[in-house]
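Undergrad: task: produce atomic coordinates for the following.
(chains A and B)
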Amino acid sequence: MTKSMSPRAGQRRRRRYRDVEEGGLVLRRFPFSGLSKSLIPYQGDGLVWVCAAATSVVLLLYLLLLGVIATRGLAALWVKPVAAVGLIDGRSVLGHIEGKTHDGTRWRVFRGNREVYGHDFSRIDIGAVVSVTHPEEVIVFERVEYGRAIGYLRGMMLSGSGEIVRLDLDQFALRHQRLMNEENHALKLLGTKMAKINQRLEHLRLKRLKQQGHAGAADNAVLLEEARMRQAYLELDRKHVQLLNEMRQKAAIIETIEGRRLEVPLSDILRFYQPNQMSRLDKLGFYLVRFWALLSENPRESNTEGGLFPVIFGTLLLVLLMSVFCVPFGVVAAVYLHEYAGEGWVLNTVRLAVHNLASIPGIVYGIFGLGFFVYGVGGWLDRSFFPERLPIPTFGTGGVLWAGLTMALLTLPVVIVSTEEGLRSVPRFVKEGSLALGATKLQTLRRVTLPMAMPGIMTGFILAITRAAGEVAPIMIVGVVKMAPLLPVDDSFPILHFERKFMHLGFHIYDAAFQSPNVEAALPLAYVTTTLLLLLVLTMSLAAMYFRAKLRERFTEYVF
Amino acid sequence: MSYQLPVELPIAVKISNLGLYYGNKQILNDITLDIPKNRVTALIGPSGCGKSALLRCFNRMNDLIDRARTTGSVVLDGLDINRSSTDVIGLRRRIGMVFQKSNPFPMTIFENVVYGLKIAGIKDRTLLRQACEQCLRAAALWDEVKDRLDTNALALSGGQMQRLCIARAIAINPEVLLLDEPCSALDPIATARIEKLIHDLRERYTVVVVTHNMQQASRVADYTAFLLNGGLVEFNETETLFTMPDQSRTEDYITGRFG
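TA: Sure thing, here's the model as predicted:
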C-alpha cells in the first residue's frame, strides 16, 4: 500500500516544487517563483496585509484625534490678526475672524468687549461684507474681567476727577508696568495679611466652640483675642477697599469701533498687544508668554479664561497620591499572590477577581469612594477628631485624599497584574541561586526578585498613571470641583491640606466644553486643556519609561 | 555490589536509603552512597535519571518544589539534613551550589561575590573586599575582572559568569560544593578552565559534580557514581568504573551503547 502511494506522492511534490537543474546543481523552486516576489504572496503571508491595514487604521484614527486636539489646542494661544469688516449698511465690525459657520454663509467674528455687546462672538453675512482691513493701531487688551477688549487707546484717567491724559502706547505700557509692580504688590501683601488673620480667627472660633462644649463657657483670653483680631481684620479690610478704589480710578480709556468709550481699570489689564503690527517673532514671543501664563495663572471668568495652574497642580497631586497608595499595595499584594500563596482554586479565584476589578466602570469606584472613604472613614474622622467644626465637614466631604484613594483602588488591579507578570519573568534558577547561598525568602525577594521584577512593576506604574490622569468619572463625586479657592498645599500649617477639594484637567475639559456659561469662548481653552493633559500624561509616562529602560539595561542577559 | 571507600578516607556526606518523590512520582529510589571528603565525586547517568534531583537533596533545594517528599537520610557531619528541625538556611551556608545555567544576580561583580556574606550579616567593607579578591582568585577569575569589580556581572562572558558563580558559592566557605552540570553551556576552552578549577578546589572542599560528559567525569573526578532510572547502579573509583565496570549496564552506558 505504502509502496504504491509513494510515486504519486512524489508526483505531487514535483508539481509543487519544481526541481530545476542549473549548472549541475538541482535547485528546488517554488511554484510561480518568478511571480512570487512581486505579486503573489507565499502561503500565509497574505495575512500580513490584513494586519498592516488594521494597524494603519488604528494609527490613523489616533493621529486624527491627536492632530485635531493638538492643532486646535496649540493654535488657540497664537496671536490672531484683528480685522475691521465693513458692511453694506455702513457699520463696521472689529475682531478676529474665527472662520465660517456650519452652513458656510456667515463668518464667526470674535469681537470681545463683552460688557458692550453682551457676548464675545457675532455672525456676519458674508454677502454683506464690503471691505476687510487690518488697522495697525488696534489694540487687544486681555483683562481680568469681561474677557478681551478690542479697540483703540484714547488716553488714561489718573484720578477720580475724570481728567483724561492723552498718551502713546509706550507711556501707557510704562504706567501699567509700574502699577502692576507696585500697587498689585501692596494689594497682595494686604491680602496675605488678611488671610493670616482669617485663619487665626477660624482657629480661635474653633477653640472657643471646643471650650464651650467642654466647660460651658469660653476662656476670657480667647474671647479677647478674637475681638482684637476681628478689629484688626476690619482695619485691614478698610485699607484694602481704599487701595482698590484708588487703583480702579486709574483707568485706560478705550474706544470701540462704534465710537463707544470703555473705561478699563489698569489693574484689570493683564496684557495688551497690537496684533496687526506684530511680526512672526513677536507673535512667537507672545505665544510663549501666554503659554507660561497658562501654566502659572489661576482660571478666571468661571474657567473660560486664564491659566490652569491649580488644575495642573491638582492633577499632579492626585496622580502622586494615587501612586503613593497604589504602588506599594499593589506590589505587596502581587508578591503574596505569586511568591507565597499556594496554587489552588482559591488563588485562581482571587486572580480572576483582580483581573475583573479592572473592568469595573470608574463611576462605580467613585460611588464606592463616596460611601466608604468620604462618608464612612471621613465621617468617622470628623466625629472623632473635629466635632467642634460640625456640621461643617472636614474630612467627611470630597477631597484630594479621598480622590487619591479612590483612584488607587481603581488602578490597583493594573499594578497587581503587571507586577505578577514581572515576578513571573524572573527565572527560577536565579531565585534558587540566592536561596542556595543561604538567603531567606525575604532576602531573596528584596535583593534579587524584586529588583529583577522592577520593569514589570514600572509597566504597571505607567499604566496606572495614564489611567489615573485620564479618569474623570470617579473623582467627580469624591472631591473635584469647578473652582477650588485654595490649593491643597500651601504655607499655612500643616502645609498639606489633603482634605481640601481640588481641580483636575479632565474635569476642567468637561466643565469648559459643556458646563460653561460661554461655551463658544471657552472652547479654545477646552482644547488647550486637553492638549496639556495629553502632554502631562506623555511626560509622566515617558519619564517612567526612561527609568524602566535604564532598569532593563541591567537585566538584559535574563530578558529572553 | 556496593563499593566501600577506603577506611582512612573520611566521609563528608552519608546517604542512606534515600528516596525522593515529586507528588506520586518516584524520582530517586533507595540510594545509599558515601561522599568522600576533599575528593571530587561525579554523578553520571542519562538525562532524567535523577542526578540533579540527588544533588538537590544535599541542600534541600527540593523543598522549593511543590509536593516534594523524601525518605531515608542524608547525614552531613552528624547532622541529618532531612529532619524538619534542620536549619535549612544554616545548612545551605555549609553547602554551596553552582547551577547548570550560570545565574549571576543583576548586580556588580563585587556584590555578586559577597552576596552570601552580606546576607549572612557581614558589613565590614574591607573584609568583604578581601573575601572578594580571595574567592575570585580561587575561581581563577581575579586577573580578568580585578579592574571592573563595579561593573554589572551580566556583562561577563558565559565562562566568566560560571566562574563568578563558583566564586560566589565558595565565598561563604562551604564544606561541600555542589556543581550541577557546570560546563553544559560553555565552549571547550571555558570548560577546560572550569575543570582545572574543580580539580584545584578539592583541596579545600568536598566537591560533587553532576555531568553528562563522561570524559569530563574521568578527567575531574576521583570517584564516580552511575545512576539509572532513579537508582544507584554503581559507585567506584573513577578509573575502575570507567575501565572495569562491575555492572553490564554501566559498561553499556560508558561505551555509548545507550543513553
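Undergrad: bridged to the closest residue to residue A:130 other than its chain neighbours, which residues?
TA: Sequence neighbours aside, residue A:86 is the residue nearest to residue A:130 in space, at 4.5 Å (criterion: CB to CB, 6 or more residues apart in numbering or on different chains). (Glycine included, C-beta is placed from N, CA and C.) Using DSSP bridges, the beta-bridge partners of residue A:86 come out as residue A:92, residue A:131.
Undergrad: distance of residue A:86 relative to residue A:261?
TA: Using CB to CB, to the nearest Å, residue A:86 is found at 22 Å from residue A:261.
Undergrad: between these two, which one's more packed in?
TA: Neighbours per residue (other CB atoms under 10 Å in any protein chain shown) separate residue A:86 from residue A:261, with residue A:86 holding more: 16 against 13.
Undergrad: if we can go back for a sec, can I assume the residue nearest to residue A:130 is in contact with residue A:124?
TA: No - look at residue A:86 against residue A:124 with CB atoms under 8 Å: they stay out of range, at 10.4 Å.
Undergrad: residue A:250: how many residues sit nearby?
TA: Neighbours of residue A:250 (other CB under 10 Å): 18.
Undergrad: ok, residue A:260 - contacts?
TA: The contact partners of residue A:260, taken as CB atoms under 8 Å, 6 or more residues apart in numbering or on different chains, are residue A:116.
Undergrad: how far away is it from residue A:545?
TA: Look at residue A:260 and residue A:545: by CB to CB, they are 56 Å apart.
Undergrad: OK, contacts around the closest residue to residue B:164 other than its chain neighbours?
TA: Leaving aside its chain neighbours, residue B:164 sits nearest to residue B:104 (5.5 Å; criterion: CB to CB, 6+ apart). By CB under 8 Å, 6+ apart, the residues touching residue B:104 are B:112, B:153-154, B:156, B:161, B:164-165, B:168.
Undergrad: likewise residue A:540?
TA: Contacts of residue A:540 (CB under 8 Å, 6+ apart): A:319, A:465-466, A:469.
Undergrad: doesn't it belong to a helix?
TA: Yes - counting by DSSP: H, G, I helix; E, B strand; the rest coil, residue A:540 falls inside a helix.
Undergrad: okay, it: pLDDT?
TA: Listed pLDDT for residue A:540 reads 86.
Undergrad: relative to residue A:372, how far out is it?
TA: Distance of residue A:540 to residue A:372, given as CB to CB: 27 Å.
Undergrad: interface residues of the stretch 201-350 of chain A facing chain B?
TA: Residues of the stretch 201-350 of chain A found near chain B (CB under 8 Å from any CB of the partner chain) are residue A:343.
Undergrad: any weak-confidence spans in the stretch 201-350 of chain A?
TA: In the predicted model of the stretch 201-350 of chain A, residues A:215 satisfy pLDDT under 70.
Undergrad: need the phi and psi values for the residue in it that chain B sits nearest to.
TA: Distance from chain B to each residue of the stretch 201-350 of chain A (CB to the nearest CB) is smallest for residue A:343, at 7.1 Å. Main-chain dihedrals, residue A:343, degrees, to the nearest 10: phi -60, psi 140.
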